[in-house]
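Asker: Need coordinates for the below:
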Amino acid sequence: MKKIFSEFKEFAMRGNMIDMAVGIILGGAFGKIISSLVADIIMPGIGLLVGGVNFSDLRIVLKQAVVEAGEVVSAAVTINYGQFLQVIFDFIIIAFAIFLMLKGINALHRKKQEEKPAEPAAPPADVQLLTEIRDLLKEGKK
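Answerer: Numbering: from 1, shown residues only. Here you go, the predicted model:
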């Protein structure tokens, strides 16, 4: 049992596992930010442009709700295509935001690589060995 626990601890404490956990947590928080951006800032503008339509409210009613004595006996059966459109818009905006973020990160990496002077390539092993032999021979003649 101790062996299994120690193996699990080693597995869970690997650097890449912790990095992945941090990434998942930050990704969840980023998703909430983007969802709020879409729902609270972008979609009202799009709704205004298309005549005040709230996409989340768009639906096709297949069966009306049954109401008796003011109580709902059976709920309405609907196809909520507006909610589906909302999720598609969310996905497109999230994908575009991630694309822009990765594009910026890649630009920073390229800039850092351009700033670094290119290191000369190390000579092959046989050339290094011959250089060492030459240096030893020079030391022996002195």
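
Asker: just the strands in the protein please.
Answerer: If you assign secondary structure with DSSP state E, the strands in the chain sit at 60-63, 66-68, 71-74, 77-79.

Asker: Identify, out of these, the most deeply packed stretch.
Answerer: Sort the strands of the chain by mean neighbour count, taking mean count of other CB atoms under 10 Å, and strand 77-79 sits at the top with a mean of 13. The way it works is simple: take the backbone N, C-alpha and C, and place the C-beta from them, glycine included.

Asker: returning to that earlier point: turn the strands of the chain into TSV, including mean pLDDT and distance to residue 19.
Answerer: Compiled in TSV, the strands of the chain are given as follows (pLDDT from 0 to 100; distance: least, CB to CB, whole Å):
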stretch	mean pLDDT	distance to residue 19
strand 60-63	91	45
strand 66-68	88	54
strand 71-74	85	49
strand 77-79	92	42
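
Asker: mind checking which of the ones you listed is nearest residue 13?
Answerer: Residue 13 sits nearest to strand 77-79 of all the strands of the chain, at 47.8 Å, using CB to CB.

Asker: follow-up on the earlier one: got the strands of the chain as TSV, with distance to residue 108 columns?
Answerer: As requested, those are exported to TSV (distance: least, CB to CB, whole Å):
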stretch	distance to residue 108
strand 60-63	48
strand 66-68	60
strand 71-74	56
strand 77-79	45
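
Asker: buried sites along the helix ranked longest in the chain?
Answerer: Looking only at the chain and at elements set by DSSP state H, the helix with the highest residue count is helix 81-115. With burial defined by 16 or more other CB atoms under 10 Å, the residues of helix 81-115 counted as buried are 82, 86, 89, 90, 93, 94.

Asker: Backbone dihedrals for residue 124, both of them.
Answerer: Reported as degrees, to the nearest 10, the phi and psi values for residue 124 are phi -60, psi 160.
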